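Asker: quick one, structure for this:
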Amino acid sequence: MTAPTALPAASLLQLIWLASPALPVGGFSYSEGLEIAVERAGVSSESHAADWLADQLQLTLARGDLAVIAQAIPAWRAGDLARIRQLNNWVLQTRETGEFRQQTEQMGRSLLDWLRNHDGANAAHIAACARMQPTYPVAFALAASPTAASARDCLLAYAFGWAENMMQAALKSVPLGQSAGQRILARLARDIPAAVESAFQLPDDERQAFSPMLAILSAQHETQYSRLFRS
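Answerer: Numbers count the residues shown, from 1 in each chain. Have a look, this model is predicted:
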């Protein structure tokens, strides 16, 4: 059998970089509803937090942002700006609360600012992206598109970066210890490949952002008495 082609080191490092919580896009400041779930939805232990995040991975991330990135990466590589705008508008229109929309806009702008000072970025694509009020999934797809990585590898990197941020949010919100956080991350890592495969199977008319309980909790978080996170 022919051995699989290795991902070039530069592309691998780029994906690791994009997935890192140290990327200056502000991901650490959001819990995506987890903080209010601790107060209102009974997320009070390691097992509860792991179940909550695993459900969020499958029910929201895989059916929304991951599916958008799966289609946005080939669109950026082909220079199909009409398709990019369509995907970006879908993300903006389907964020169910003000907090969630502000998060994707802020992180999208911050990633675009980072790209402006990063070697290898396409200046024309950055300018085009800036004109369309970029969301984070679309900006991430732009950042990943110059690499030699497959779209599937890019989605794995995005999902793992999300999992690391959410695990850190669980440590602070529940709260939990570092060992519990690593066990949660291990569970999410096991679930991520299936979530990515599911995202690749979704055509436009099956992509969705419908999570009523999460939307209600997010709206409640806007007036939560004491909070650490912006969502």
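
Asker: so the residue sitting nearest the centre point of the chain, which of the three states?
Answerer: Taking C-alpha atoms, centre = their mean, the centroid of the chain lies closest to Trp162, which sits 5.1 Å from it. Secondary structure, DSSP: H, G, I helix; E, B strand; the rest coil: Trp162 is helix.

Asker: residues contacting it?
Answerer: Gly27, Leu57, Leu61 (C-beta atoms under 8 Å, 6 or more residues apart in numbering). C-beta: built from backbone N, CA, C; applies to glycine.

Asker: pretty sure the last one sits against Gly161.
Answerer: By that I understand Leu61. No. At 11.2 Å, Leu61 does not count as touching Gly161 under the criterion of C-beta atoms under 8 Å.

Asker: neighbour count: those two, which is higher?
Answerer: Neighbour count, other C-beta atoms under 10 Å: between Leu61 and Gly161, Leu61 has more, with 25 against 21.

Asker: got the contact list for that one?
Answerer: Leu61 neighbours (C-beta under 8 Å, 6+ apart): Ala159, Trp162, Ala195.

Asker: which one of the residues you listed is nearest to Leu23?
Answerer: Taking C-beta to C-beta as the measure, Leu23 lies nearest Trp162 of the contacts of Leu61, at 11.9 Å.

Asker: which pLDDT value belongs to the closest one?
Answerer: With respect to pLDDT, Trp162 has a value of 97.

Asker: also the one 3 residues further on?
Answerer: As predicted, Asn165 sits at a pLDDT of 96.

Asker: that one sits in which helix or strand?
Answerer: Using DSSP states H and E, Asn165 falls within helix 151-173.

Asker: now do the very next helix or strand once past that helix, average pLDDT.
Answerer: Once the chain leaves helix 151-173, the next helix or strand it forms, by DSSP H and E, is helix 178-200. Per-residue pLDDT values across helix 178-200 average out to 97.

Asker: use 434 as the first number for this chain going forward.
Answerer: Will do, 434 is the new start, and the previous item becomes helix 611-633.

Asker: list the buried residues of helix 611-633.
Answerer: For helix 611-633, the neighbour count (16 or more other C-beta atoms under 10 Å) marks 613-614, 616-618, 620-621, 624-625, 628-629, 631-632 as buried.

Asker: okay if I get these as a markdown table plus distance to Arg549?
Answerer: Putting the buried residues of helix 611-633 into a markdown table (distance: C-beta to C-beta, whole Å) gives the following:
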| residue | distance to Arg549 |
| --- | --- |
| Ala613 | 38 |
| Gly614 | 33 |
| Arg616 | 38 |
| Ile617 | 34 |
| Leu618 | 31 |
| Arg620 | 37 |
| Leu621 | 31 |
| Asp624 | 34 |
| Ile625 | 30 |
| Ala628 | 31 |
| Val629 | 28 |
| Ser631 | 33 |
| Ala632 | 28 |
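
Asker: looking at these, which is nearest Leu604?
Answerer: Ranked by distance to Leu604 (C-beta to C-beta), those are led by Gly614 at 4.9 Å.
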